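In: I'd like to go over a predicted model; first the sequence, then the structure.
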Amino acid sequence: MSSVFPVSVNRRSFARIAAGAVVAGVTATAGRTFASTQDDILRDYVPDSQDPAVLARRISGLRTRRWQEEFDDISKDAILCDLNDRVLHYWGSDGFYRIYPTSVPLNGELTRRGRTTITLKRPAPEWRPTENMLERTPGLPSYVGPGPDNPLGVRALNLGFPGAYRIHGTNDIRKIGRQSSNGCVGLFNEHIVEVYDRAQVGTPVLLV
């Protein structure tokens, strides 16, 4: 399987393309062939201002998993968010399997682990900061409507945990691969669209 990216690849988008190519296990072309290993990606596509060791930590969770080790059944598909490796594993009942790089919570206090399900699919999410978020960052806007500036990106999947826990997109690709969220799991917008289109209300989710 191969994917073709536009010939023009700017420095801002290198992490999205490089991480996507490695994690999805594909060979991508952007006027050249992407290297097939993480080390080659780091050597060839790291910006001058980015420490390769930092990027290595951000896209380090590349090991595959077997769904049978985590779920009894995937008739409604299944999602595992590995908060240590900072990746999301998606298994489809039709044999689909993909690993996506993610953002994870800023600290242990904001981290929720355990089993839940998708309880709501939001195709054009609105965003309002929680009281705790406003306490930590008083300058946050009180509301952001759907669109490119929305912190939840272009899609959001609400989880069944009490509180505002979601899997969603992002308006800031620098957050992916980092401890940067207020409790949610964030994906690149093109990745959350793929996850959103496949997932359904009731899809089991495990955060570890």
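Out: Received the coordinates, thanks.

In: all helices of this protein, in order?
Out: Taking DSSP state H, the helices of the chain run over residues 14-24, 38-45, 52-58, 131-136, 189-198.

In: Show me where this protein dips below the pLDDT cut-off.
Out: Filtered on pLDDT under 70, the chain yields the residue ranges 1-61.

In: tell me the domain ranges of it?
Out: Domain assignment for the chain by automatic domain parsing gives 2-58, 67-207.

In: Columns mean neighbour count on top of these, output as CSV?
Out: Every C-beta, even on glycine, is put in place using the N, C-alpha and C of the backbone. Listed next are those as CSV, based on neighbours: other C-beta atoms under 10 Å:
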stretch, mean neighbour count
domain 2-58, 15
domain 67-207, 17
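
In: Between the two ends of stretch 80-90, what distance do you get?
Out: 7 Å (C-alpha to C-alpha, to the nearest Å).

In: which residues make contact with that stretch from outside it?
Out: 23, 58, 60-65, 67, 70, 77-79, 96-105, 111, 113, 167, 177-178, 185, 187, 195, 198-199, 205-208 (C-beta atoms under 8 Å, 6 or more residues apart in numbering).

In: So which of those residues are in strands?
Out: 78-79, 97-101, 104-105, 167, 185, 205-207 (DSSP state E).

In: Which member of the residues you listed is positioned nearest residue 119?
Out: residue 205 (9.8 Å; C-beta to C-beta).

In: and the residue nearest to the closest one when sequence neighbours are not counted, what does it touch?
Out: Leaving aside its sequence neighbours, residue 205 sits nearest to residue 79 (C-beta to C-beta, 6 or more residues apart in numbering; 4.5 Å). Neighbour list for residue 79: 88-91, 118, 167, 195, 199, 203-206 [criterion: C-beta under 8 Å, 6+ apart].

In: how close does residue 79 get to residue 128?
Out: Using C-beta to C-beta, to the nearest Å, residue 79 is found at 25 Å from residue 128.

In: what's the answer for residue 165, then?
Out: For residue 165, the distance to residue 128 - C-beta to C-beta - is 15 Å.

In: next one: residue 135
Out: Distance of residue 135 to residue 128, given as C-beta to C-beta: 14 Å.

In: what do you get for residue 146?
Out: Going from residue 146 to residue 128 by C-beta to C-beta gives 13 Å.

In: Also residue 181?
Out: 16 Å.

In: Residue 140 now?
Out: Remark: distance between residue 140 and residue 128 (C-beta to C-beta) = 9 Å.

In: One more: residue 203?
Out: Applying C-beta to C-beta, the value for residue 203 to residue 128 is 25 Å.

In: And residue 101, by the same measure?
Out: 26 Å.

In: same check, this time on residue 163
Out: Residue 163 is 13 Å from residue 128, by C-beta to C-beta.

In: any idea how far residue 187 is from residue 86?
Out: For residue 187, the distance to residue 86 - C-beta to C-beta - is 11 Å.

In: where do the contact lists of the two overlap?
Out: Counting by C-beta under 8 Å, 6+ apart, the contacts common to residue 187 and residue 86 are 101-103.

In: Dump those to TSV, plus distance to residue 154.
Out: Formatted as TSV, the shared contacts of residue 187 and residue 86 follow (distance: C-beta to C-beta, whole Å):
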residue	distance to residue 154
101	17
102	16
103	15
